[in-house]
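Undergrad: Provide a 3D model corresponding to the input given below.
(one chain, ligands or ions: 1)
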Amino acid sequence: MTALDDAVPDDPTDALSAAPPAGVRRNGTPLGRLKFCYGPMDCGKSTLALQIDHNHARQGRRGLVLVRHDRSGTPQITSRIGITRRATEVGTGTDVRDLVREQWARGGHVDYVIVDEAQFLSSAQVDQLAELADEMGVDVYCFGIATDFRSRLFPGAARLFELADELQPVQVEVLCWCGLPGRFNARVRGDEIIREGDTVVVADTLSSETEHSVVESSASARFQSELATLRYQVLCRRHFRLGDLGPATAQHGQLRLS
Ligand SMILES: [Zn+2]
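TA: Coordinates of the predicted model:
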């Protein structure tokens, strides 16, 4: 073996290497990652979304911030600690790839995409996000609620569980009345859990004025009128299963002992 042989580089990241290192495509575009951060209502997902946007922007990366649902006139991500950021609304028929292409057409660059309320994405839209990661090297961060009031996965959340590279539960300070982590958003009328009905309503009623309620626009008028009587309560699995809303509600329910 000569000194010359020893000089031949075998570092895969060397430009002379024929094989690209893991995670780098042959055309040089690094693979993006698709990540889903999920948790119950009011667990701080939107705050985390805005923090991630801030961190990336500070490093000079440029991103798109999308939200699937927003009842305010101007689409935005609103965190319950009072921070907001303008966002682009993703409609029912929106092809998310088009939003990135439009940015490119304007000469912009897209390093990352952040999607809030991602549980409301369609299955096809999640597929589009995966394509953005694989084919265009875009890092995609989705934030949303995993399960509806029946404890069933939302369509967007289900597809994200199937496709995401990384799943991260967000469990910040949301506890059931018993002290266990709150994992389920119970729909409540009076002192009873409602387990049937339209599945698309996820209203944040944890008395936060800054985190707006989210209501599917296609909900029937009759159903809309019923919304006023509904509230949501975060419960652990056991108390969700039992329909036990805790001592505060028991007081109100004294006449209904069964
Ligand atoms: Zn509990």
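Undergrad: end-to-end on stretch 33-46?
TA: Stretch 33-46 has its terminal residues 19 Å apart, counting by C-alpha to C-alpha, to the nearest Å.
Undergrad: And for stretch 65-76?
TA: End-to-end distance for stretch 65-76, by C-alpha to C-alpha: 9 Å.
Undergrad: when you give positions from now on, start the count at 51
TA: Understood, numbering begins at 51; the last thing we discussed is stretch 115-126.
Undergrad: So what touches whichever strand or helix holds Phe211?
TA: According to DSSP states H and E, Phe211 maps onto helix 205-213. Identification of contacts with helix 205-213 by C-beta atoms under 8 Å, 6 or more residues apart in numbering yields 84, 86, 88, 118, 168-173, 175-177, 180, 192, 194-197, 203, 217. (C-beta placed from N, C-alpha, C; glycine too.)
Undergrad: and that helix, how far out from the chain's middle?
TA: When distances are taken as C-alpha atoms, centre = their mean, to the nearest Å, helix 205-213 is centred 10 Å away from the chain's centroid.
Undergrad: Just the mean pLDDT for the one helix or strand Ala174 maps to, thanks.
TA: Using DSSP H and E, Ala174 maps to helix 173-186. In this model, helix 173-186 carries a mean pLDDT of 96.
Undergrad: which other residues reach it?
TA: With C-beta under 8 Å, 6+ apart as the criterion, helix 173-186 contacts 79, 81-84, 140, 144-147, 150, 160, 163, 165, 168, 171, 188-190, 192, 205-206, 208-210, 213, 215.
Undergrad: Drop anything exposed from those residues.
TA: Buried by 16 or more other C-beta atoms under 10 Å: 81-84, 140, 144, 146-147, 150, 160, 163, 165, 168, 171, 188-190, 192, 205-206, 208-210, out of the contacts of helix 173-186.
Undergrad: before we move on, the earlier item: for the helix or strand just after the helix holding Ala174, name the packing helices and strands.
TA: Heading C-terminal from helix 173-186, the first helix or strand you meet, by DSSP H and E, is strand 189-194. In terms of contacts (3 or more C-beta pairs under 8 Å, 6 or more residues apart in numbering; DSSP states H and E), strand 189-194 is packed against strand 84-88, helix 95-108, strand 162-166, helix 173-186, helix 205-213.
Undergrad: Please state the offset of the first one from the chain centre?
TA: This means strand 84-88. The mean C-alpha position of strand 84-88 is separated from the chain mean by 6 Å, C-alpha atoms, centre = their mean.
Undergrad: what's in contact with it?
TA: 95, 98-99, 168-169, 179-180, 183, 189-196, 207, 210-211, 213-220.
Undergrad: And the helices in this protein, which stretches?
TA: Using DSSP state H, the helices of the chain run over 53-57, 95-108, 146-155, 173-186, 205-213, 271-276, 287-292, 297-302.
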